[in-house]
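Q: Fold the stuff below for me.
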Amino acid sequence: MRNDVLRYGMLAVVVALLAAGCDRGLTLSEQEALERSTSLYKNAIDDFQAGRVDAAIKGFERVVFYEPKSYSAHFQLATLLQDVRKDYISAIAHYRDYLAHRPASDKATVALDRVKACETMLQAEMVRKAGGSASSKIAADNERLTAECDDLKKKVARLEGDLEKARRTISRLQGEAERRSQLLAKLGESFEGKVTKDAAMKDALAQLKEEKDEIRRRRLQPTDAELLDEEDDVSAADARKTADLKEAKKLAQLDDDVPARPTASTKALAASAVAGADAVGAKPAAVAKPAAGKTGGFDALFGSKKTKGSAAARPETYTVQEGDTLFKIATRFYGSSHKWRSIQDANRSIVPADGRLRIGMVLRLP
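A: Modelled structure (predicted):
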């Protein structure tokens with residue numbers, strides 16, 4: 001009786017030491033060494049090493065009962081139940097109890113492998129006991145469930161990939177929204193007059209520098225769209241010169257029909273138009289004007305002809321239509337695409353540095 005009291009007293013002390021050790025934050029190896037140092041655990045190990053397997057199993061069961069936090073005893077008991085008793089259900093229970101409290105142990109991987117082996121052996125034993133058609137049905141169901149499980153794993157992997165892509169997209173959109181919010185906040189401060197004078201001047205200088213750099217870039221390295229605009233200007237000039245040539249020939253024919261019309265001036269106009277049409281990019285030759293107070297045959301029949309792009313025929317403003325560019329507008333109202341820069345300078349407040357126009361934009365023609 002006295003020995004039992006002493007033994008249980010020692011067990012209480014060991015349990016208290018284990019609890020105190022956990023509270024002090026002992027390492028995993030220190031905790032397991034403390035678990036193996038109890039007399040109950042040592043007795044069970046001695047029975048196992050001596051080949052007394054049944055006594056060892058009872059000894060480890062006693063350890064688990066009196067020392068529930070001795071998880072090393074759970075592992076040893078599970079191995080004996082699996083290898084000797086073939087009690088796979090009890091073995092799985094003790095393995096999982098060990099893994100729940102010792103997931104970082106060096107024997108955690110061994111415990112997981114043994115759990116899988118126990119499950120396989122338990123399943124095979126159940127199939128063997130069922131026998132006959134039942135065993136084939138269980139095997140078929142097992143294969144079907146395994147295939148379904150594999151399909152579900154693939155679907156989960158695919159859904160996880162889609163979820164990751166969606167998260168990246170959301171992150172990118174949130175970043176863009178944040179940048180736009182900051183830009184809107186800056187614009188709001190600018191409109192409300194919260195930006196200081198120095199900052200406004202710096203912004204204006206920076207914008208002016210960007211516009212100058214863009215103009216220089218357009219001169220040195222024009223884009224394909226700008227080259228197409230220039231080609232459109234050349235085509236328009238060729239078409240205009242062709243029309244002038246046809247008109248000059250028609251007037252020359254009328255000049256032959258009307259004797260009072262000065263033939264020399266008509267021929268000079270036709271020769272000037274022909275020379276201008278043949279020389280691409282060259283200015284047409286000057287046409288001799290009649291003396292002041294004297295009108296030729298053309299003016300007598302058709303009146304004086306105004307030059308396209310003159311200040312009298314040009315409006316003060318122009319509304320941008322679809323397909324318009326600065327080159328086309330300059331050619332239309334000034335007769336030369338080189339005037340586009342004057343239009344851009346006169347409308348710098350609404351025309352961006354790259355010179356791109358929007359439909360409906362009202363331009364002032366200088």
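Q: Quick check on Thr319: phi, psi?
A: phi -90, psi 130 (degrees, to the nearest 10).
Q: count of neighbours near it?
A: Neighbour count for Thr319, taken as other CB atoms under 10 Å: 11. All C-beta atoms are positioned from the backbone trio N, CA, C, and that covers glycine.
Q: got it, and Gln82?
A: 21.
Q: cool, and the one 10 residues further on?
A: Neighbours of Ile92 under the rule other CB under 10 Å: 20.
Q: quick one: it from Leu159, how far?
A: 31 Å (CB to CB, to the nearest Å).
Q: where in the protein is pLDDT low?
A: 1-25, 131-135, 190-200, 222-312 (pLDDT under 70).
Q: Now do stretch 117-133: everything it contacts.
A: Under the contact criterion CB atoms under 8 Å, 6 or more residues apart in numbering, stretch 117-133 has outside partners Gln82, Lys86, Tyr88, Ile89, Ala91, Ile92, Tyr95, Ser135, Ile138, Ala139, Asn142.
Q: in it, what's buried?
A: Cys118, Leu122, Val127 (16 or more other CB atoms under 10 Å).
Q: Inside helices: which ones of those residues?
A: Residues of the buried residues of stretch 117-133 located in helices (DSSP state H): Cys118, Leu122, Val127.
Q: Quick one: name whatever helix or strand follows the helix or strand harbouring Ala177.
A: Following DSSP states H and E, one finds Ala177 within helix 132-191. Downstream of helix 132-191, the first helix or strand assigned by DSSP H and E is helix 197-220.
Q: Which elements pack onto that next one?
A: Packing contacts for helix 197-220, counted by 3 or more CB pairs under 8 Å, 6 or more residues apart in numbering; DSSP states H and E, involve no helix or strand.
Q: That helix versus helix 132-191: what angle between them?
A: 110 degrees (axes from the mean of the first three to the mean of the last three CA atoms, to 10 degrees).
Q: Restrict helix 197-220 to CA atoms and write it as CSV.
A: What follows is helix 197-220 as a C-alpha-only set of coordinates in CSV (Å, rounded to 0.1, in the frame of the first residue of the first chain):
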residue,chain,number,x,y,z
LYS,A,197,1.6,79.7,-57.4
ASP,A,198,5.1,78.2,-57.6
ALA,A,199,3.7,74.7,-58.2
ALA,A,200,1.4,76.0,-60.9
MET,A,201,4.3,77.7,-62.6
LYS,A,202,6.4,74.5,-62.4
ASP,A,203,3.5,72.6,-64.0
ALA,A,204,3.1,75.1,-66.8
LEU,A,205,6.9,75.0,-67.5
ALA,A,206,6.9,71.3,-67.5
GLN,A,207,3.9,71.2,-69.9
LEU,A,208,5.6,73.7,-72.1
LYS,A,209,8.8,71.6,-72.1
GLU,A,210,6.8,68.5,-73.0
GLU,A,211,5.1,70.3,-75.9
LYS,A,212,8.5,71.5,-77.2
ASP,A,213,9.9,68.0,-76.9
GLU,A,214,6.8,66.6,-78.8
ILE,A,215,7.3,69.2,-81.6
ARG,A,216,10.9,68.2,-81.9
ARG,A,217,10.1,64.6,-81.9
ARG,A,218,7.5,65.1,-84.7
ARG,A,219,10.2,66.8,-86.8
LEU,A,220,12.9,64.1,-86.2
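Q: And the strands in this protein, which stretches?
A: Using DSSP state E, the strands of the chain run over residues 317-319, 362-364.
Q: For Lys212, see how far away Ala330 is.
A: Counting by CB to CB, the gap from Ala330 to Lys212 is 20 Å.
Q: between these two, which one's more packed in?
A: Ala330 (22 against 11).
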